[in-house]
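Predicted coordinates and the sequence they were generated for:
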Amino acid sequence: MVRTSLATTKPIIIVGAGLGGLAAAIRLAAQGHRVLILEKNARVGGKLNLVTDEGYTFDTGPSLLTMPWVIKELFAAAGRQADAYLHLEQIEPTCRYQWPDGTSFNAWQRLPQLIQEIQHLAPADVTGFFRFLAHTSQIYDAVADNFLLKPFDGLRELITPRLLQDGPRIDALRSVDAAVRSFFRSPYLRQVFNRYATYNGSSPYLSPATFNVIAYIEMAEGGWYVRGGMYALAVALQRLAEELGVEIRCHSPVAEILEHDGAAMGVRLTDGAVLWAQQVIVNADPRYAYQALLPGQTRIARQLARLEPSCSGFVLFLGVKRIYEQLAHHNIFFSTDYPGEFAAIFEKGVPPVDPTVYVAATCLTDPGHAPPGHMNLFVLVNAPVVNDRVCWQREAEPYRDLVVRKLERMGLTNLQDEIVYEQIWTPATIATIYNAAGGAIYGLASNNRFSAFLRPPLRARGLRHLYFVGGGTHPGGGIPLVLLSGRAVAERVLADHAHPRT
């Protein structure tokens, strides 16, 4: 019997070249499989992307990296050293927080400096901080294996003796805010630690306290930046994938996933070309995929449409002709009414009138990201997904003015007059560029204790040879989780090759 080489068979097709798709492709190619990635946009990276214009460079997506070991492990799985492809460095402070009353707080990564900062702001909360770290470390120990390192396809995979034993430790019955209040008295520190719920696009007043593990991971493992810009990570993964033989076709939008006899068989591109596949992995928002790419799966599309999406974002890319000395690499300018801000987004579906504003100035670490004497300010405000209560075509400019005026009040003097380059993205922009349903940045929200179980599984239900990867499936959004999703889906594809499902 002649054995057919994996390289001569139909490819595994991945729809979308985001980080999850790239990670899955790398792992599959490293095992000898032929992989073809189809990307509708001009570059790989998905939401981890960039804007370059008039001497300014802006990262458009994630601006902070946690769990760097996940990247190193991915490169190791391909027989490479991550350090040969990219340079990671810690940023100090991780973030600078500022309030309208003039209070500021630097979140240092060095523990002695961080404790001094807490002591200066709220001496009584130093003990509470250590208690918080001890508590959240227990959550991490309980969820790492079951949720992060071994993402699940269903409850049967999830409910294990270990989970039943550790269940009470994950603190799922109270909200992030309720837990934070039990450790911190200072309203400033409560706001700082509540902000971590936004890392997955959720509200600290609704999402379960399990998600306080995000703060623990950043505190324990640090916050990292990729030298050259966060997009350098996408470039490194593309380089590795292509070295392993992965074919990546940009400007190749998929119109439909083809199915026959209960199995995915390939894809049809928008130009009519048909490409056949062994398996199809979708690295796109599953809600978009079921609605737009899988016409025979309307029941699941309706089910997903009823689930609560994460927040979206209102983004300003600002090139300014001066240096604001008070800015750090990462900055948060808080609102005066944090509960009201999240109520506006998730309950009323409108942009907050007093938003918390995030500003990243990567030129402070990478001077080449702005002309000499200038700064590149990436400005992000959490916003509701696209809905019929907000017409962004009409509201974008007034809301832009509101955000700029707030930054001026918070110390960025004469910002309006210093802007020499500008671009605006609304939730509608994000929806269009990334095929993100409603412009939801993180897929589904985690605003109730059952959210983790409602995400579409890695293996599509009811359709063999179809898989999902990325922030819209398990374990969730953010760079390390998306890369872990790539590992998990590759493991499932490999297992199904060895033992085909019937």
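All right, it came through fine.

quick one: low-confidence ranges for the stretch 351-500 of the chain?
452 (pLDDT under 70).

And what about A42, helix, strand or coil?
coil (DSSP: H, G, I helix; E, B strand; the rest coil).

Touching, it and H251? I think so.
Yes. Using Cβ atoms under 8 Å, A42 is in contact with H251, at 6.4 Å. In short, each C-beta sits where N, CA and C put it, glycine included.

which residues do those two both contact?
Shared contacts of A42 and H251 (Cβ atoms under 8 Å, 6 or more residues apart in numbering): none.

Which residue is the nearest non-sequential neighbour of T57?
H369 (4.2 Å; Cβ to Cβ, 6 or more residues apart in numbering).

how far is stretch 369-388 from where the chain is centred?
Using Cα atoms, centre = their mean, to the nearest Å, the mean C-alpha position of stretch 369-388 is found 16 Å from that of the whole chain.

scratch that, stretch 408-415 is what I was asking about
29 Å.

Going forward, count from 58.
Understood, numbering begins at 58; the last thing we discussed is stretch 465-472.

For that stretch, give me every contacting residue.
155, 157, 375, 377, 381, 383-384, 390, 414, 461, 464, 473.

With V442 as the reference, measure out to F403.
Look at F403 and V442: by Cβ to Cβ, to the nearest Å, they are 10 Å apart.

Pull up the per-residue confidence for G280.
pLDDT for G280: 95.

Would you check that it makes contact with L145?
No. Distance between G280 and L145: 10.6 Å, which falls outside the contact criterion (Cβ under 8 Å).

Now list whatever residues contact both of the two.
L122.

Mind checking which of those two has more residues around it?
Each of G280 and L145 has its neighbours counted (other Cβ atoms under 10 Å); G280 has more, 22 against 17.

which ones are touching the more buried one?
Per Cβ under 8 Å, 6+ apart, neighbours of G280: 121-123, 147-148, 151-152, 166, 387.

among these, which are in helices?
Of the contacts of G280, none are assigned to helices by DSSP state H.

Enumerate the strands of the stretch 408-557 of the chain by residue range, in sequence order.
With DSSP state E, counting those that start in this stretch as the criterion, the stretch 408-557 of the chain has strands at 414-417, 432-440, 476-482, 523-525.

right, I mislabeled it, should have said the stretch 108-257 of the chain
Using DSSP E, counting those that start in this stretch, strands in the stretch 108-257 of the chain cover 113-116, 145-147, 152-155, 161-164.

Using TSV, please lay out those together with mean pLDDT and distance to Y245.
Shown next, in TSV, are these (pLDDT from 0 to 100; distance: least, Cβ to Cβ, whole Å):
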stretch	mean pLDDT	distance to Y245
strand 113-116	98	28
strand 145-147	95	24
strand 152-155	98	8
strand 161-164	98	6
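
Adding distance to V292, write those out as JSON lines.
Formatted as JSON lines, these follow (distance: least, Cβ to Cβ, whole Å):
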{"stretch": "strand 113-116", "distance to V292": "12"}
{"stretch": "strand 145-147", "distance to V292": "14"}
{"stretch": "strand 152-155", "distance to V292": "25"}
{"stretch": "strand 161-164", "distance to V292": "28"}
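
Can you check which of these gets nearest to A545?
Set against A545 and scored by Cβ to Cβ, the strands of the stretch 108-257 of the chain come closest in strand 145-147, at 22.9 Å.

Direction included, what does that closest one pair against?
strand 281-283 (antiparallel) (DSSP bridges).

What helices and strands are in contact with the very next helix or strand once past the strand it pairs with?
Using DSSP states H and E, the next helix or strand after strand 281-283 towards the C-terminus is helix 288-300. Packing contacts for helix 288-300, counted by 3 or more Cβ pairs under 8 Å, 6 or more residues apart in numbering; DSSP states H and E, involve helix 76-87, helix 126-134, strand 304-306.

now helix 288-300, how far from the centre of its chain.
18 Å.

same deal with stretch 247-259?
So, by Cα atoms, centre = their mean, the centroid of stretch 247-259 is 14 Å from its chain's centroid.

do stretch 442-452 as well
23 Å.

circling back: overlap of the contact sets of F403 and V442?
C368.

Compare these two and say which is more crowded by neighbours.
Neighbour count, other Cβ under 10 Å: between F403 and V442, V442 has more, with 26 against 22.

Quick check, that one in contact with G495.
Yes. With contact defined as Cβ under 8 Å, V442 counts as touching G495 (3.3 Å).

Can you check which residues contact both of these two?
With Cβ under 8 Å, 6+ apart, V442 and G495 have common neighbours 366, 369, 484, 488.

got the contact list for the nearest residue to the last one once chain neighbours are set aside?
What that stands for is A488. In this structure, A488 finds its nearest non-sequential neighbour in G496, 3.9 Å apart by Cβ to Cβ, 6+ apart. Applying Cβ under 8 Å, 6+ apart to G496 gives the contacts 369-370, 442-443, 483-488.

same thing with S309?
With Cβ under 8 Å, 6+ apart, S309 has these contacts: 95-97, 326.

Which strand or helix spans it?
Short version, using DSSP H and E: S309 is in no helix or strand.

residues in contact with the closest residue to G529 other than its chain neighbours?
The shortest distance from G529 to any non-neighbouring residue, by Cβ to Cβ, 6+ apart, is to G500 (3.7 Å). By Cβ under 8 Å, 6+ apart, the residues touching G500 are 258, 342-344, 366-367, 493, 512, 527-530, 533-534.

how much space between G500 and V183?
Distance from G500 to V183, counting by Cβ to Cβ: 37 Å.

Quick check: bridge partners of V92?
Residues in beta-bridge contact with V92 (DSSP bridges): I69.

Burial check on it, number of neighbours?
Applying other Cβ under 10 Å, I find that V92 has 26 neighbouring residues.

What separation do you get for it and I69?
5 Å.

Between these two, which contacts overlap?
Joint contacts of V92 and I69 (Cβ under 8 Å, 6+ apart) are L85.

The strands of the stretch 408-557 of the chain into JSON lines, with extra columns for mean neighbour count and distance to H177?
What follows is the strands of the stretch 408-557 of the chain, written out as JSON lines (neighbours: other Cβ atoms under 10 Å; distance: least, Cβ to Cβ, whole Å):
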{"stretch": "strand 414-417", "mean neighbour count": "23", "distance to H177": "23"}
{"stretch": "strand 432-440", "mean neighbour count": "25", "distance to H177": "27"}
{"stretch": "strand 476-482", "mean neighbour count": "17", "distance to H177": "34"}
{"stretch": "strand 523-525", "mean neighbour count": "25", "distance to H177": "46"}
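
Pipe the contacts of G280 into CSV and attach neighbour count and distance to A191 per row.
Listed next are the contacts of G280 as CSV, based on neighbours: other Cβ atoms under 10 Å; distance: Cβ to Cβ, whole Å:
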residue, neighbour count, distance to A191
L121, 19, 24
L122, 23, 25
T123, 22, 19
Q147, 14, 23
I148, 20, 26
T151, 22, 20
C152, 21, 22
Q166, 17, 19
H387, 23, 26
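
Looking at those, which one is closest to A291?
A291 lies nearest to L122 out of those, by Cβ to Cβ, at 12.2 Å.

partners of the nearest residue to the closest one once chain neighbours are set aside in the sheet?
Excluding its sequence neighbours, the residue lying closest to L122 (Cβ to Cβ, 6+ apart) is W281, at 4.2 Å. Taking DSSP bridges as the rule, W281 bridges to L122, Q147.

so W281 sits right up against Q147, yeah?
Yes. Taking Cβ under 8 Å as the contact criterion, W281 and Q147 are neighbours in contact, 5.7 Å apart.

Wait, L351 touches A358, no?
Yes. Counting by Cβ under 8 Å, A358 is a contact partner of L351 at 7.4 Å.

For these two, indicate the residue with more neighbours.
Counted by other Cβ under 10 Å, L351 and A358 do not tie: L351 has more neighbours, with 21 against 17.
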